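*Asks:* Could you look at this predicted model? Sequence included:
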Amino acid sequence: MRDIDLREAADLIDRAERIVIFTGAGVSAESGIPTFRDALTGLWERFDPRRLATPEAFGDDPALVWGWYEGRRAAVERVEPNAGHRALAAIEQRAPECVVVTQNIDDLHERAGSKEPIHLHGSLFAPRCSACGRPAEVEGTAETDDGRVTPPPCDHCGAPIRPGVVWFGEALPADAFEAAVAAAANCDVLITVGTSGVVFPAAEIPQVTARMGGTVIQVNPDPTPLDSVARINLRGAAAEVLPALVSM
Ligand code: OAD
């Protein structure tokens, strides 16, 4: 990563009135949360997320799917936001206007100080009833040896509580997506961090900024399809690049 790119990116961010921060699993990697492209490990290595993260899988075996998400929630509660999350919160605090849009279902942006990030794919901390949709409280769950945990019943209608995340085949929350598109269309700079940019419609967000004349800055150690819309590609890990960016 060249210093001149870092300097140019820092100048663009300093001068921007309206900033969007768009993140994927890579921003949480250095907190110890595996990305989607990393292989699943431990109890879950024999499962394919595309099979588990579906309404059908939950219908077939609610305890398996609920147990998987409860394990992921417990894993998030055991880790801390990293320097990348904190640097993004610093950018957010300095900017006249800044919206954080994340594809992640962890709460690490919030714990790093980001205000009300838009969760395009939901959150591990917002379970709801699988039938009436009422929000449910997140309870601590007993660890089990096979990973299965029976989901609690809804207090209102008795149906099983489900994770408050977007499963494959489900639509994104319309209000979240509309707010993210509006912010991306009107920003001066969009900083995309740690996403492979291949899962739509979320991956559309940086494209909207580029089409509307905004500047896209990408932070990722690897090339992605977003390379072609990014004016600056900062090749590196979020917890290294972002602190360097904010200390310029
Ligand atoms: P992916 O796992 O697809 O991509 C992670 C990206 O982070 C890759 O481009 C890595 O190169 C990059 N990366 C890895 N370590 C990094 C680091 N330390 N710093 C910066 N970048 C790093 O995750 P997402 O792009 O977030 O959707 O996946 C998007 C969606 O696909 C997820 O939200 C999920 C999945 O299907 C749903 O669950 C609906």
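*Replies:* On my side now, so go ahead. Numbers count the residues shown, from 1 in each chain.

*Asks:* and this structure, which residues reach the ligand?
*Replies:* Within the chain, the positions adjacent to the ligand are 24-26, 29-30, 35-37, 53, 103, 121, 166, 194-196, 199, 219-222, 224, 237-238 by CB under 6 Å from any ligand atom. Any C-beta I mention is one placed from the backbone N, CA and C, and that applies to glycine too.

*Asks:* filter these to the buried ones?
*Replies:* Buried positions within the residues of the chain next to the ligand, assessed by neighbour count (16 or more other CB atoms under 10 Å), are 24-26, 29-30, 36, 53, 103, 121, 166, 194-196, 219-220, 224, 237-238.

*Asks:* Now name the helix or strand holding Pro201.
*Replies:* Per DSSP states H and E: Pro201 is located in neither a helix nor a strand.

*Asks:* mind checking pLDDT for it?
*Replies:* Here the pLDDT value assigned to Pro201 is 96.

*Asks:* Now do the same contact list for Pro160.
*Replies:* 58, 62, 66, 129-130, 151-154 (CB atoms under 8 Å, 6 or more residues apart in numbering).

*Asks:* what do you get for Ala239?
*Replies:* For Ala239, the contacting residues are 30, 82-84, by CB under 8 Å, 6+ apart.

*Asks:* and what of Asn104?
*Replies:* 23-25, 27-28, 119, 121.

*Asks:* Tell me the secondary structure at it.
*Replies:* What DSSP: H, G, I helix; E, B strand; the rest coil gives for Asn104 is coil.

*Asks:* Against Gly164, how distant is Arg128?
*Replies:* 5 Å (CB to CB, to the nearest Å).

*Asks:* who's more crowded, those two?
*Replies:* The neighbour comparison of Arg128 against Gly164 (other CB atoms under 10 Å) goes to Gly164, with 21 against 16.
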